[in-house]
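1. Give the three-dimensional model of this entry:
(chains A and B)
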Amino acid sequence: MSYQVNGHTVEHDEEGYITNLADWNKELALEIARTENIEMDDERWEVVNFLRDYYEEYQIAPAVRVLIKAIKKSMGPEKGNNKYMYELFPYGPAKQACKIAGLPKPTGCV
Amino acid sequence: MADGDDLPRMDFPLDIPCLKAGAMEGLHPFLAAPEHQAKLGFPGELLPDWKERALEKMAELAERNRAFQVYLDACVKCGACTDKCHYFLGTGDPKNMPVARQDLLRSVYRRYFTFAGKYFPKLVGARDLTEDVLHEWYSYYHQCSECRRCSVFCPYGIDTAEITMAAREIMDSVGMGQKYSNEIIGKVKDIGNNLGLNPKALRATLEDLEEDLEDETGISVRLPLDEKGADIMLITPSADFFAEPHIDGLLGYAKVFHEAGVSWTLSSYASEAANFGLFIGSYENMREIALRIRKAAQDLGVKRIVFGECGHAWRVAYSFLNTLAGPFDFLDQKYPIPQHILEFTWGEIQKGTLRFDKSKNDHIRLTFHDSCNVARASRMGDEPGGQFEIPRNVIRAVCNNYFDMDRDTTHESTLCCGGGGGLLTDDLMELRKKGASPRMAALQQVSEDHGVTHMAAICAICKTQFSKVMPAFGYEMDSVLSVHQLVSSAIVLTGQETGDDEEGADPRGETA
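-> Prediction:
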């Protein structure tokens, strides 16, 4: 189970989350997004970048509400809401956006 | 992977489906990796001598847990349970009839542990334990959410969930664990909760939520963490720190504690109410998780333990906590040990401590989903049936438009959400949607009859499951609410500006 990017092989788990977080780069993000049928645009990159910054600080993805609050600050209230997040990432901002951002899948009752 | 597009359209929640033999055959959730298994004390992968080990384990369980042996011996195949399982109703697969699912294990037990099965196996439907049988177990014992609805209807009182738990424990002991549950239990051991939320991140999340609360109410409402000497320690599912609508429930608990004027704290060490040790039938793992709560209570020096909205956590807390991690003689004996947040809130409502503006929930027409572990394995308050009445009492105190679903699908006969018992994983999404169909049909009935728009729940799994599957049944994902979210929307804190001049506040009670 792996992604192929620029001749490199990047391993992932059964659900497409990369196994070595250090393998992540923007080309890989585009490749993961492609397999998820997601076309990356500025808004989606903003979410992915926020997730990565938050993860670097806290070693976990932020609560959905924390993400939305941050997006509300940067993109305005019409985009800073749960519904819009699901338009950007139909399988959920936490799981699908984390996958593209190269972060582990949030586990538990979420 | 099928996405459940072939969902049954049920006219009535308990309609018996046409049989579809083999419909769910081969469904196989991801196996736990060796590193997940190791943390729980299980072999990393299927052992070469798995068959002997599995039979030894079965013998050990039958010896150690006499109820298990009785459940294996007592079934007379009367058929009362056949149509009581939401997964059978939703999939039509005859092996999801509870009696048939149990018989996958019972037939092997009979072969090796009964006289007739040893000498005349064909006559009594006994069969050898083979690798095919093992894989069939893995498949169908992960198509049971251990909700125990079928047990309610069993004239012998066979606790069918115990059979599923035993099967999972046998499989774990030979190196065949389920990734979802076992990875999560490992995270609780390493970090303290299912999410893997470390203390620094938890503190940052809580501080962020305190800001939200102050923005919303103009009042400083605290979400204290690791505060020694607090009276109450709140143990809540970590989903309450992360997911929607769970987090709105957490804000509701905080507002209730604030208004009640009690001192309370969360613990970063025991930052999880859930105990997946129950789901995999592992007493040792269940105990290890429960002991974290005891240690946290002692370290923080609290007098009371209150549990947040989490279904199976309340079963473990109410029914098993004292034997797993007791005695709790260091807590204040004047209060229930442990206490449910709904008992606490209902107590405050009766005392008249809390003030509500019920009209804040007037845009909602509500029903309530009884969570299986609360409904069938616990109680709240001092009266029989308190686990049904107290949540409804609290809801009626904060919400004007409340309607129950069909009585055959509520209270002790409640239908599982379809994601309980360790099945709340994306690799079982098709099963989850099909298993939710009976509950969704009951909801659709009250939507048609009474215009119900939203459903409240008191379990983190139910909330996540419904927010994921409801869109497949024509509801918005935010049609499922936390009960304490409704409390949070309606409560008027002392000194709070009511903000009646603001039009169109949204269902979460946020102001844009």
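2. now the strands for the chain?
-> Because you didn't say which chain, this covers chain A. A:2-5, A:8-11 (DSSP state E).
3. Chain B was what I was after
-> Counting by DSSP E, the strands of chain B are B:232-235, B:264-266, B:304-307, B:339-340, B:366-368, B:454-457, B:480-482.
4. Without its sequence neighbours, what residue ends up closest to residue 88?
-> Going with chain A. A:R44 (5.4 Å; CB to CB, 6 or more residues apart in numbering or on different chains). (Each C-beta comes from the backbone N, C-alpha and C, glycine too.)
5. Hmm, no, I was thinking of chain B.
-> B:N96 (4.0 Å).
6. tally of neighbours for the one you found?
-> Per other CB atoms under 10 Å in any protein chain shown, the neighbour tally for B:N96 reads 25.
7. before we move on, what about B:D128?
-> That count, for B:D128 with other CB under 10 Å as the rule, works out to 12.
8. ok, it to B:A54 distance?
-> Distance from B:D128 to B:A54, counting by CB to CB, to the nearest Å: 12 Å.
9. still on that earlier bit, between the strands of chain B, which gets nearest to chain A?
-> Each of those has some distance to chain A by CB to the nearest CB; the shortest is strand B:454-457, at 11.5 Å.
10. contact partners of the closest one?
-> Outside strand B:454-457, the residues within contact range by CB atoms under 8 Å, 6 or more residues apart in numbering or on different chains are B:309, B:364-369, B:371, B:391, B:395, B:417, B:443, B:463, B:466, B:479-483, B:485-486, B:507.
11. re earlier: save the strands of chain A as TSV, and put in distance to B:G229, mean pLDDT and mean neighbour count too.
-> Shown next, in TSV, are the strands of chain A (distance: least, CB to CB, whole Å; pLDDT from 0 to 100; neighbours: other CB atoms under 10 Å in any protein chain shown):
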stretch	distance to B:G229	mean pLDDT	mean neighbour count
strand A:2-5	51	96	14
strand A:8-11	48	96	13
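12. Adding distance to chain B, write those strands out as a markdown table.
-> Formatted as a markdown table, the strands of chain A follow (distance: least, CB to the nearest CB, whole Å):
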| stretch | distance to chain B |
| --- | --- |
| strand A:2-5 | 16 |
| strand A:8-11 | 13 |
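13. Relative to B:Y141, which of those is closest?
-> Closest of those to B:Y141 is strand A:8-11, at 30.0 Å (criterion: CB to CB).
14. number of nearby residues for the residue in the stretch 351-500 of chain B positioned nearest to chain A?
-> Using CB to the nearest CB, B:A460 is the residue of the stretch 351-500 of chain B that sits closest to chain A, at 3.9 Å. Counted with other CB under 10 Å, the neighbours of B:A460 add up to 32.
15. Please apply the same query to B:E497.
-> By other CB under 10 Å, neighbour count at B:E497 equals 12.
16. Setting aside sequence neighbours, what's the nearest residue to it?
-> B:G218 (5.4 Å).
17. Model confidence for the one you found, exactly?
-> For B:G218, the pLDDT comes out at 97.
18. Please identify the residues of the stretch 151-300 of chain B in proximity to chain A?
-> Applying CB under 8 Å from any CB of the partner chain, we find that the stretch 151-300 of chain B lies next to chain A at B:179-180, B:183-184, B:187, B:193-198, B:200-201, B:204-205, B:208-209, B:212, B:237-239, B:241-244, B:246-247, B:274.
19. Please flag which of these sit within helices.
-> Counting by DSSP state H, these place B:179-180, B:183-184, B:187, B:200-201, B:204-205, B:208-209, B:212, B:246-247 in helices.
20. picking that back up, turn the strands of chain B into TSV, including mean pLDDT and mean neighbour count.
-> Formatted as TSV, those follow (pLDDT from 0 to 100; neighbours: other CB atoms under 10 Å in any protein chain shown):
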stretch	mean pLDDT	mean neighbour count
strand B:232-235	98	24
strand B:264-266	98	24
strand B:304-307	98	24
strand B:339-340	98	24
strand B:366-368	98	23
strand B:454-457	98	26
strand B:480-482	98	27
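21. how about these in TSV, adding distance to A:G7?
-> Output for the strands of chain B, formatted as TSV (distance: least, CB to CB, whole Å):
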stretch	distance to A:G7
strand B:232-235	50
strand B:264-266	48
strand B:304-307	53
strand B:339-340	57
strand B:366-368	56
strand B:454-457	49
strand B:480-482	46
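22. so who does the most centrally placed residue in chain A touch?
-> For chain A, the residue nearest the mean C-alpha position is A:A97 (2.4 Å; CA atoms, centre = their mean). Contacts for A:A97 (CB under 8 Å, 6+ apart) come out as A:44, A:47-48, A:51, A:85, A:88-89.
23. give me that answer again for 7 Å
-> A:A97 makes contact with A:47-48, A:51, A:89 under the criterion CB atoms under 7 Å, 6 or more residues apart in numbering or on different chains.
24. And B:A80, by the same measure?
-> B:A80 neighbours (CB under 7 Å, 6+ apart): B:153-155.
25. ok, A:G7 - how many residues close by?
-> 5.
26. okay, it: pLDDT?
-> A:G7 is given a pLDDT of 92.
27. How is chain B divided into domains?
-> B:34-177, B:185-403+B:452-490 (automatic domain parsing).
28. Mind pulling the model confidence for B:D5?
-> pLDDT at B:D5 comes out at 60.
29. Tell me the gap between stretch A:51-69 and the middle of its chain.
-> Averaging C-alpha positions (CA atoms, centre = their mean, to the nearest Å) puts stretch A:51-69 10 Å from its chain's average.
30. Please identify the most buried of the domains of chain B.
-> domain B:185-403+B:452-490 (a mean of 21; mean count of other CB atoms under 10 Å in any protein chain shown).
31. How about the residues of the stretch 401-512 of chain B by chain A?
-> By the rule CB under 7 Å from any CB of the partner chain, the part of the stretch 401-512 of chain B lying against chain A is B:424, B:426, B:460-461, B:464, B:478, B:512.
32. Kindly indicate which of these lies nearest A:W24.
-> Closest to A:W24, out of all of those and judged by CB to CB, is B:D426, at 21.1 Å.
33. Can you tell me the closest non-neighbouring residue to that closest one?
-> Of all residues not flanking B:D426 in the chain, A:E15 sits nearest, at 6.6 Å (CB to CB, 6+ apart).
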